[in-house]
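A.B. asks: Next one to model:
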Amino acid sequence: MTSQHEEPGHGDSPAAWTAVVVMLIGIAAGAVFFFLNMPTLVWVCVGVVALGIILGFVLSKAGYGVNGPKYSPKTHD
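C.D. replies: Residues are numbered from 1 along each chain as shown. Model (predicted):
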């Protein structure tokens, strides 16, 4: 059995968490606006999801990804 620290990059980084949270907010709001028949706001939420993808990529390149210099893994003892 391997420990969590030996497995490379399962998205447990600030970049990944930020991207996922922003995209979840966009998807949830988009579903509500779709149900309420507000197509303009649905497309705004599509943009929020795209922003989440870009934000995750930018934060990863800025060093907050799994292998980045600003990332410090948490230990689970």
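
A.B. asks: use CA for all of it now, contacts and neighbours both
C.D. replies: OK.

A.B. asks: which residues in the chain form strands?
C.D. replies: If DSSP state E is used as the criterion, the chain turns out to lack strands entirely.

A.B. asks: what stretches of it score poorly on pLDDT?
C.D. replies: Regions of the chain meeting the criterion pLDDT under 70 cover residues 1-11, 73-77.

A.B. asks: run the last query once more with 90
C.D. replies: Of all residues in the chain, those with pLDDT under 90 make up the ranges 1-16, 60, 62-77.

A.B. asks: Find the residue at the geometric middle of it.
C.D. replies: The centroid of the chain falls nearest to residue 19 when counting by CA atoms, centre = their mean (1.8 Å).

A.B. asks: Does that one touch residue 60 like I think?
C.D. replies: No: with contact taken as CA atoms under 8 Å, residue 19 and residue 60 are classed as non-touching, separated by 10.0 Å.

A.B. asks: so what's the residue nearest to the centre of the chain up against?
C.D. replies: By CA atoms under 8 Å, 6 or more residues apart in numbering, the contact list for residue 19 reads 52, 53, 54, 55, 56.

A.B. asks: now the residues you listed in TSV, with neighbour count and distance to residue 66?
C.D. replies: Putting those into TSV (neighbours: other CA atoms under 10 Å; distance: CA to CA, whole Å) gives the following:
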residue	neighbour count	distance to residue 66
52	23	17
53	18	16
54	13	16
55	19	15
56	23	11
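
A.B. asks: Check the gap between the residue nearest to the centre of the chain and residue 63 for me.
C.D. replies: Using CA to CA, to the nearest Å, we find residue 19 at a distance of 14 Å from residue 63.

A.B. asks: If anything else comes up later, I'll come back, but that's it for now.
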